[in-house]
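Asker: What follows is a predicted protein model with its sequence.
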Amino acid sequence: MSSDTTDSPSAPTLLSVDHLTVFHGQLCAVDDVSLSVGAGEVLTIIGANGAGKSTLLRTIAGLHRPASGTVTFEGEDITHQAAHQRVRVGISLVPEGRRLFASLTLEENLLVGAHRAAEGPFDLARVYELFPWMKDRRRGKVFQFSGGEQQAVAIGRALVANPKVLMLDEVSLGLAPIVIETIYEVIPDIVSHGIGVLLVEQDVSQGLRVATRVHCLLEGKTSLVGTPDSLSAEEIEHAYFGADLPDNATQVQPS
Amino acid sequence: MSDTTLPSSAELPLLIERSTFSPIYTLVGTVIVFAFFTAAPWILAASWVSVLSNFFVLLIMATMWNLLAGYAGMVSIGQQGFVGLGAYATLYFAIKGMSPFVAIPFAVLACAIIAYPITYLLFRLRGGYFAVATWVIADSAMLLILTVALLGGGTGKYLPGLTNLSPSELDHDTYLATWFVAFIVLVATYFILRSRLGLVLSSLRDNETAARSSGAKVTSTRRLIYVIAGAGCGAAGSVLAISQPFVQPGNAFSLNWAAEMLFASMIGGMGTIEGPIIGCIIFFVLQQSLQNLGAWYLIIFGAVAVVIAIWQPRGIWGLIRDTTHFELLPVGYRVSASSLGTRRRPSRDVN
Amino acid sequence: MTWANILIQGALIGGFYALFACGLSLMFGVMKVINLAHGDIAVVAAYSAVFLVPKLHVAQLWAFVVIVPLFALIGYVVQRTLLQKAIDRDPFTTLLVTFGLSVVIENLLLEIYSANGQSVNIGELVAKSWQVNSVIYVSYVSLVVLGTAVLVLGALQIFLSRTSSGRLIRAVSDDREAAQLCGANYKHVFGVAAAIAFATVALAGIAFGISTEFDPTAGGINLLYAFEAVVIGGIGSLWGTLVGGILLGVAQQFGAHFNLEYQTLAGNALFLIVLAIRPQGLFGRKVSLNE
């Protein structure tokens, strides 16, 4: 792992990723990335479209196999564990696009999320407290819900498994700013239970606002790490667009 | 299959070029092969000629099934319907006084005409639905034929119009008919795949959604291929009827035809012209060496096909081609290897 | 009165088709697999009842008790090995593999048991029937089969909608990757679904072996009828499958009323008409969230 001071969490490390490289067919989507997440902190990964953010999260969750590198959780090497086993270890991913079970009710979605739950602060009742509107609509079919409501259910479904590290992939995608606000409001509550949060966000300002630390990816490679206060807007812009990195200066199309 | 094909050309700025194998060799080879098999009845023993005759019938079917499934992605388990219809069309024309050999092109035309409207029903369906629906249609065709007394109903009927030939003449003419039909089918398939249609097919196989959105005439291409495959299997049925020459529904519409054409393509390698040829050769070697053991040849052939589908989906020819980069009948468009050197695609759905 | 008889006989035979079809429907719903060997598995179960059970020296009716759990186990193993490997490749491969299995099974049975007809002998009961009036006879066996079909479908419905295992099966059929992210081993869930499917088709196969004489080639036509029942009723609806089976049975009886040769043809015609007009079936739903 890198010894860079800004790359280490202040709290005890839960999850660490070392020199991870992932291919999509011919394409190297994640290239030698290392990072770690500690208890009770928020690590935000930013980067342009195609920078490898989602692939990184999906690999940590066990949905992709890395070509090289390791994923370690609480000191245990989980690189070769299947996705469902990692949930039991304590890693939950809220996938991009929410991916709710369309033919199940809200409550059934949460129950599936909880079916292998560890001991911990979250259960269905606690999720209903977090999102009070859910209780009255728990028998509703989720395909009738709005995008923001579906996103809340997706987060609730991951929380009831009582993860130690919660990964959120593009939770603000396609949602109205006011809806994004209400989603992000719950993050301090989650963190207060000592859960480490790994956040992928294309909306940089939103991602920085909740971040303890920031990790920027450019074309699959780490282009910047630091804390939100220590980084200037210019530094982040360069790391995001790759303007001052001659090696990778071409092809990036931020959106 | 999908793990070996590259992403659709519509999305990638890769260099696409035609295979550069010299057409002279292909032409000379074709002439030699044609001359050999045309002369075969004078060269080979009679028993071999009859085996070759059966071989060509299966080769026609396997080539057509390969065109349908291997190239156009339509898994049909009902092509025996067209085999049966081809056989019965030949019987019908022969009953009406036509020479069975002259009836072959008319039987083929009849199958094409029947195949065309069927596509309007079938193309509403995908994947497994499509597959089982083709079977239901084949089953229905057989049940309809059963009700026609003129065609012998359930017991079947001898193909008339062949009695003026001596047995050896009949064998001889039957062989030449199957060989010529097989040759025409192979050459036609080769030119179809080399044409613009072939390009549409390969883009369709790689990524149907992308091919649709890039404006390729997907449905009309699929329709044309289905009609061609129906006509081709009809031709196989027609020559089958002549070689039997007793036409009976349980045999003409047998699901075993579907099984054999499918297994031969799978084992040889789908999506190549050479694959079904290799598959048919393996099938005949197996059948001849196990001919005293009942259905065991089909059991072994099926089991091998299952194993190949899972562990070597490009078949035996695919394995040969991957290791030697040799192509006997180059029809494909190659992606230039140099353009694959770039590390990543421009922003795509990676995130 | 003839029309009433057509309806009654059609409904009775429809229950039988529904029993055949529910496993096919379950496997398609959960794994998106159309198991083309489905009918042949039923025939294997029927042969097991004829040849295997007498060796155990128990009464033929105990065949169910032995064979149904055995087939559940076989279903789980086949799914976790061969079918999972095919699914890991693509749907195209899965179709080819199940078709290959179907041909292999059918010809193996031909080699082992020959093409002679067999039946599961349960004594005189098979011929007994309840005479409603001068035209209508209701055979006890087909009545029991219809009742079994209703019971099995009902039990499956309750299992899927009320139990946590059933909920997991529905979740996996909606989105297997999301289910993995909830800690579900989707391959195990597939195995469970296949076990249920094989158990029901074994039940249907033995019932089939009791009510008619069969030979190794019977699998194809059984698959065809089961598939037609599923499509007419609509994928994803168990009661739809029952209605689909009954409609298919009635259509066949209707065709047979005019000419025995039209029996299967009339069923095929109904199937093709439903496909043309309403491909999702009469009770099929189209729920899509992520696509």
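Answerer: Received, thanks.

Asker: Residue B:219: what's its closest spatial neighbour, skipping adjacent residues?
Answerer: Counting by Cβ to Cβ, 6 or more residues apart in numbering or on different chains, residue B:219 lies nearest to residue B:123, which is 6.5 Å off, once chain neighbours are set aside. Any C-beta I mention is one placed from the backbone N, CA and C, and that applies to glycine too.

Asker: I misspoke; the intended subject was residue C:64.
Answerer: residue C:206 (6.1 Å).

Asker: How about residue C:261?
Answerer: Distance criterion Cβ to Cβ, 6+ apart; nearest residue to residue C:261, sequence neighbours excluded, is residue B:147 at 5.2 Å.

Asker: for the one you found, phi and psi?
Answerer: Phi and psi for residue B:147, reported as degrees, to the nearest 10, are phi -90, psi -10.

Asker: Contact partners for it?
Answerer: Residues near residue B:147 by Cβ atoms under 8 Å, 6 or more residues apart in numbering or on different chains: B:153, C:259, C:261, C:262.

Asker: ok, now residue C:187?
Answerer: For residue C:187, the contact set (Cβ under 8 Å, 6+ apart) comprises C:80, C:84.

Asker: One more: residue C:204?
Answerer: So residue C:204 contacts C:16, C:19, C:20, C:23, C:42, C:45, C:222 (Cβ under 8 Å, 6+ apart).

Asker: and those residues as CSV, adding neighbour count and pLDDT?
Answerer: Formatted as CSV, these follow (neighbours: other Cβ atoms under 10 Å in any protein chain shown; pLDDT from 0 to 100):
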residue, neighbour count, pLDDT
C:16, 26, 91
C:19, 30, 94
C:20, 29, 94
C:23, 31, 94
C:42, 31, 96
C:45, 29, 95
C:222, 26, 93
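
Asker: which parts of the stretch 1-150 of chain A sit against chain C?
Answerer: A:61-63, A:82-84, A:87-88, A:92-93, A:95, A:97-104, A:108-109, A:111-113, A:115-116, A:142-143, A:150 (Cβ under 8 Å from any Cβ of the partner chain).

Asker: quick one, helices of chain A?
Answerer: For chain A, applying DSSP state H gives helices covering A:53-61, A:83-89, A:106-113, A:124-130, A:147-159, A:177-184, A:187-192, A:204-210, A:233-241.

Asker: Make CSV from the ones you listed and add mean neighbour count and mean pLDDT to it.
Answerer: Output for the helices of chain A, formatted as CSV (neighbours: other Cβ under 10 Å; pLDDT from 0 to 100):
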stretch, mean neighbour count, mean pLDDT
helix A:53-61, 25, 95
helix A:83-89, 20, 94
helix A:106-113, 25, 96
helix A:124-130, 17, 94
helix A:147-159, 24, 95
helix A:177-184, 15, 89
helix A:187-192, 16, 93
helix A:204-210, 17, 88
helix A:233-241, 17, 85
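
Asker: which residues sit in contact with the residue nearest to residue C:64?
Answerer: C:45, C:46, C:49, C:63, C:64, C:67, C:68, C:120.

Asker: so it, which of the three states?
Answerer: Under DSSP: H, G, I helix; E, B strand; the rest coil, residue C:206 falls in the helix class.

Asker: How much space separates it from chain A?
Answerer: 32 Å (Cβ to the nearest Cβ, to the nearest Å).

Asker: Tabulate the helices of chain A (CSV), appending distance to residue C:226.
Answerer: Shown next, in CSV, are the helices of chain A (distance: least, Cβ to Cβ, whole Å):
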stretch, distance to residue C:226
helix A:53-61, 38
helix A:83-89, 32
helix A:106-113, 29
helix A:124-130, 39
helix A:147-159, 35
helix A:177-184, 46
helix A:187-192, 49
helix A:204-210, 53
helix A:233-241, 56
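
Asker: Indicate which one of those is closest to residue C:172.
Answerer: With Cβ to Cβ as the measure, helix A:106-113 is the member of those nearest residue C:172 (9.1 Å).

Asker: Mind listing residues that contact that closest one?
Answerer: Helix A:106-113 is contacted by residues A:100-101, A:104, A:124, A:127, A:134, A:137-140, A:142, A:145, A:153, A:156-161, C:164, C:167-168, C:170-171, C:179, C:182, C:184 when judged by Cβ under 8 Å, 6+ apart.

Asker: about what we covered before: to residue C:157, which of the helices of chain A lies closest?
Answerer: helix A:106-113 (15.4 Å).

Asker: what's the angle from that closest one to helix A:147-159?
Answerer: Per axes from the mean of the first three to the mean of the last three Cα atoms, to 10 degrees, the angle that helix A:106-113 makes with helix A:147-159 is 30 degrees.

Asker: Check the gap between the closest residue to chain A within the stretch 51-200 of chain C and residue A:84 for me.
Answerer: Per Cβ to the nearest Cβ, residue C:183 is where the stretch 51-200 of chain C lies closest to chain A, at 3.5 Å. Relative to residue A:84, residue C:183 is positioned 5 Å away (Cβ to Cβ, to the nearest Å).

Asker: Mutual contacts of the two, please.
Answerer: By Cβ under 8 Å, 6+ apart, residue C:183 and residue A:84 have these common neighbours: residue A:116.

Asker: Run through the neighbouring helices and strands of the host helix or strand of residue C:72.
Answerer: In this structure, residue C:72 sits in helix C:63-78 according to DSSP states H and E. Packing contacts for helix C:63-78, counted by 3 or more Cβ pairs under 8 Å, 6 or more residues apart in numbering or on different chains; DSSP states H and E, involve helix C:38-47, helix C:186-211.

Asker: At which residues are the helices of the stretch 1-150 of chain C located?
Answerer: Shown for the stretch 1-150 of chain C, the helices assigned by DSSP state H, counting those that start in this stretch span residues C:2-31, C:38-47, C:63-78, C:84-89, C:91-113, C:140-162.

Asker: show me where pLDDT drops low in the stretch 51-200 of chain B?
Answerer: For the stretch 51-200 of chain B, no stretch has pLDDT under 70.

Asker: circling back to that earlier point, just checking, which of the contacts of residue B:147 belong to helices?
Answerer: Short answer: the contacts of residue B:147 in helices (DSSP H) are residue C:262.

Asker: distance of the residue nearest to residue C:64 from residue A:123?
Answerer: Per Cβ to Cβ, residue C:206 is found 45 Å from residue A:123.

Asker: Residue A:238 too?
Answerer: 45 Å.

Asker: How about residue A:152?
Answerer: According to Cβ to Cβ, residue A:152 and residue A:123 sit 16 Å apart.

Asker: Same check on residue C:106?
Answerer: 52 Å.

Asker: In terms of neighbours, single out the busier of those two.
Answerer: residue C:106 (28 against 14; other Cβ atoms under 10 Å in any protein chain shown).

Asker: By proximity to chain C, which residue of chain B wins?
Answerer: When distances are taken as Cβ to the nearest Cβ, chain B reaches nearest to chain C at residue B:128, 3.2 Å away.
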